[in-house]
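Asks: Fold the following and give me the result.
(one chain, ligands or ions: 1)
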Amino acid sequence: MESVINSGAAGEAISAKKAEKIAYENNKLHKRLCRLVGQAIGDFNMIEDGDKVMVCLSGGKDSYGLLDILLTLRERAPIHFDIVAVNLDQKQPNFPEHVLPEYLARIGVPFHIENQDTYSIVKRVIPEGKTTCSLCSRLRRGILYRVADELGATKIALGHHRDDILETFFLNMFFGAKVKGMPPKLQSDDGKHMVIRPLAYVKEADMERYAEVKQFPIIPCDLCGSQENLQRKQIKAMLREWEKKFPGRVENIFSALSTVVPSHLMDRKLFGFADLKLTGEIMVDGDIAFDEEPCAPPSATIMRFGDLAD
Ligand code: SF4
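Replies: From the prediction side, this is the model:
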């Protein structure tokens with residue numbers, strides 16, 4: 001009997017320790033998310049004093065996480081800003097319309113549900129078997145801009161994260177022949193709205209874990225019946241493979257997006273190659289004929305002309 005009691009106590013101690021470790025990890029994740037979101041907001045001046053931020057909520061893990069982190073940061077921010085959550089109910093079959101209002105009422109966030117049957121429009125206009133996403137997102141964008149005006153929102157916050165940005169970058173390069181990503185802050189195409197992406201520095205894996213920790217009532221994203229974009233899927237797989245095989249590579253690509261050297265690319269609109277004249281002065285970013293290989297071993301690095309002086 002005694003041994004049973006003892007082993008029961010030991011088991012309790014182990015599970016208490018495990019629970020403590022899980023709580024510690026969860027807390028670390030929350031802190032990291034707050035730090036990265038705060039950093040992105042600061043770096044790009046996304047939110048200013050007096051802003052009304054309209055958080056677009058789809059019912060997916062990313063938008064729930066975005067709203068949750070923004071609410072935490074608002075409590076700590078030295079500035080005042082308001083948050084309003086908006087969901088566009090596109091009338092997709094089986095969309096559980098009670099989930100978001102119940103959740104938002106429970107956490108006490110002002111919200112607006114916009115009911116617009118874009119699903120029927122898309123189904124009517126796009127032939128069976130063709131991709132519906134482009135028209136669907138165009139319609140959605142127009143509606144969200146109008147709602148932002150009606151609510152007096154000064155910023156529209158979207159839940160795109162680091163992985164979305166990287167995937168878009170490669171999609172544009174592979175299929176659109178452009179060096180173009182998904183910016184953390186941009187003006188809408190009508191020039192009247194400011195769109196922000198406060199999750200720009202956050203990894204998708206962290207958002208997945210955070211959604212599990214917080215037990216968000218996720219609404220499935222395949223209700224419209226559209227196939228997931230195959231090209232995006234392939235890029236995602238490529239990035240995951242790189243992340244596994246070459247640790248640090250994806251991080252480096254992401255950092256490269258904020259370290260662009262126009263004089264070392266070929267876009268004549270970004271750099272005045274035609275007017276380039278010799279200055280006779282040392283240029284920090286000037287060409288050294290052969291740039292150092294970033295990952296070459298020290299013995300293989302190419303000497304700069306400066307190394308040859310005296
Ligand atoms: S997946 Fe469905 S809801 Fe999402 S953009 Fe495409 S058509 Fe619209």
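Asks: Just say helix, strand or coil for residue 195.
Replies: Of the three states, residue 195 takes strand under DSSP: H, G, I helix; E, B strand; the rest coil.
Asks: okay, now the closest residue to it other than its chain neighbours: neighbour count?
Replies: In space, and not counting its chain neighbours, residue 195 is closest to residue 156: 4.9 Å by C-beta to C-beta, 6 or more residues apart in numbering. All C-beta atoms are positioned from the backbone trio N, CA, C, and that covers glycine. By other C-beta atoms under 10 Å, 21 other residues sit near residue 156.
Asks: List the contacts of residue 217.
Replies: Contact analysis of residue 217 by C-beta atoms under 8 Å, 6 or more residues apart in numbering lists 59, 99, 102, 103.
Asks: any idea which element it lies in?
Replies: For residue 217, there is no helix or strand it lies in under DSSP states H and E.
Asks: Which pLDDT value goes with it?
Replies: Residue 217 is assigned 98 on the pLDDT scale.
Asks: Quick check: the gap between it and the ligand.
Replies: Distance of residue 217 to the ligand, given as C-beta to the nearest ligand atom, to the nearest Å: 18 Å.
Asks: same thing with residue 80?
Replies: Computed as C-beta to the nearest ligand atom, the residue 80 to the ligand distance reads 34 Å.
Asks: if we can go back for a sec, and the residue nearest to residue 195, that one's in a helix?
Replies: No - assigned with three-state DSSP, residue 156 falls outside any helix and is strand.
Asks: Check the secondary structure at the residue in the stretch 201-310 of the chain positioned nearest to the ligand for me.
Replies: Here the residue of the stretch 201-310 of the chain nearest the ligand is residue 224; by C-beta to the nearest ligand atom that distance is 3.2 Å. At residue 224 the chain is in coil, as set by three-state DSSP.
Asks: Please, where are all the helices along the protein?
Replies: With DSSP state H as the definition, the chain shows helices at residue ranges 2-43, 61-76, 99-107, 118-125, 133-151, 162-176, 204-214, 230-245, 249-256.
Asks: Residues contacting the fourth one, please?
Replies: Just to be clear, that refers to helix 118-125. Contact with helix 118-125 is made by 88, 90, 91, 92, 93, 132, 135, 136, 139, 140, 143, 224, as judged by C-beta under 8 Å, 6+ apart.
Asks: okay but the second one is in contact with residue 132, surely?
Replies: By that I understand residue 90. No - under the criterion of C-beta atoms under 8 Å, residue 90 makes no contact with residue 132, lying 10.9 Å away.
Asks: residues shared between the contacts of these two?
Replies: Contacts common to residue 90 and residue 132, judged by C-beta under 8 Å, 6+ apart, are residue 224.
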